[in-house]
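> A predicted structure for the sequence below; I have some questions about it.
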Amino acid sequence: FGSPYAALLQIEHEGDAGGSISISAFRSNNTGIPQLVLQKAAGSAASPTAVTGTNRLGSLVFNGYDGTSFINAASITGEVDGPPGANDMPGRLVFSTTADGASSPTERMRITNSGTLLFCGASVTNPGVGNTNTGFVIENAADGATLLASRGSNATVYLNRNSDGTIQEMRRSGSTVGTIGVTSTSTSYNTSSDYRDWE
């Protein structure tokens with residue numbers, strides 16, 4: 001059938017075994033492990049130069065045959081995630097899937113160089129809405145990016161901090177409009193105005 005990508009090495013097989021590659025190593029420690037290395041440089045093989053902060057370094061691409069040609073269904077891509085330097089190569093992983101009715105993948109999840117996990121990350125340019133310490137973000141420009149937690153009994157969500165202070169912060173377009181604070185004996189509900197609506 002061929003591939004939509006120009007490949008220097010291509011493995012095709014018909015039958016139950018499928019086209020496969022197996023890499024094995026036999027060691028009693030963590031050296032000499034099996035590796036599939038995807039690496040990229042700018043310039044040329046004879047004179048390589050540094051990649052930039054936006055370069056894609058390599059992808060695992062999953063294609064399916066639609067009756068006419070192979071179409072990209074999903075991919076996992078490694079990218080540079082910031083300005084590189086000597087012995088410094090910040091990276092991210094981007095996970096993409098193709099929606100029903102589409103022919104190309106859209107980013108659905110991203111792991112940044114700082115360890116932040118983004119869902120629906122294609123539109124995210126400022127993870128955590130200004131909070132660089134955010135570890136988990138669900139964000140999308142369109143409606144529908146939500147977080148649902150459900151449980152049959154007991155608490156659904158636990159929020160904990162080991163000292164007095166803010167335990168939850170509410171924002172609107174990146175600006176804080178309210179917080180919930182805790183001490184060892186109480187909880188406080190704070191807004192950006194004096195208005196309270198108790199029912």
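Received, thanks.

> The one residue sitting closest to the centre of the chain is in what secondary structure piece?
Central residue of the chain (CA atoms, centre = their mean): residue 110, 1.2 Å from the mean position. Using DSSP states H and E, residue 110 maps to strand 106-111.

> Tell me which residues of that strand come out buried.
For strand 106-111, the neighbour count (16 or more other CB atoms under 10 Å) marks 107, 108, 109, 110, 111 as buried. Backbone N, C-alpha and C define where each C-beta goes, glycine included.

> how about those residues in CSV, adding pLDDT?
Formatted as CSV, those follow (pLDDT from 0 to 100):
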residue, pLDDT
107, 88
108, 87
109, 87
110, 87
111, 89
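
> closest to residue 153 among these?
Within the buried residues of strand 106-111, proximity to residue 153 (CB to CB) peaks at residue 109, which comes in at 30.4 Å.

> who's the closest one bridged to?
Using DSSP bridges, the beta-bridge partners of residue 109 come out as residue 95, residue 119.

> Centre of the chain to stretch 178-197, how far?
33 Å (CA atoms, centre = their mean, to the nearest Å).

> Buried ones in that stretch, by neighbour count?
Of the residues in stretch 178-197, 179, 181, 182 count as buried by neighbour count, 16+ other CB under 10 Å.

> separation between residue 109 and residue 95?
Distance, residue 109 to residue 95, using CB to CB, to the nearest Å: 4 Å.

> Number of residues surrounding residue 92?
By other CB atoms under 10 Å, the residues close to residue 92 number 19.

> give me every residue that touches it.
Listed by CB atoms under 8 Å, 6 or more residues apart in numbering, the contact set of residue 92 reads 78, 79, 80, 81, 110, 111, 112, 113.

> at 10 Å what do you get?
The contact partners of residue 92, by CB atoms under 10 Å, 6 or more residues apart in numbering, come to 57, 77-82, 110-114, 116, 118, 121.

> how about it, secondary structure?
Following DSSP: H, G, I helix; E, B strand; the rest coil, we place residue 92 in the strand state.

> That one and residue 74, how far apart?
Separation of residue 92 from residue 74 (CB to CB): 17 Å.

> and what of residue 106?
From residue 106 to residue 74 the distance is 10 Å (CB to CB).

> other SSEs contacting the helix or strand of the chain with the lowest mean pLDDT?
The weakest-scoring helix or strand in the chain, judged by mean pLDDT, DSSP states H and E, is strand 136-138 (a mean of 72). Here strand 136-138 touches strand 117-119, going by 3 or more CB pairs under 10 Å, 6 or more residues apart in numbering; DSSP states H and E.
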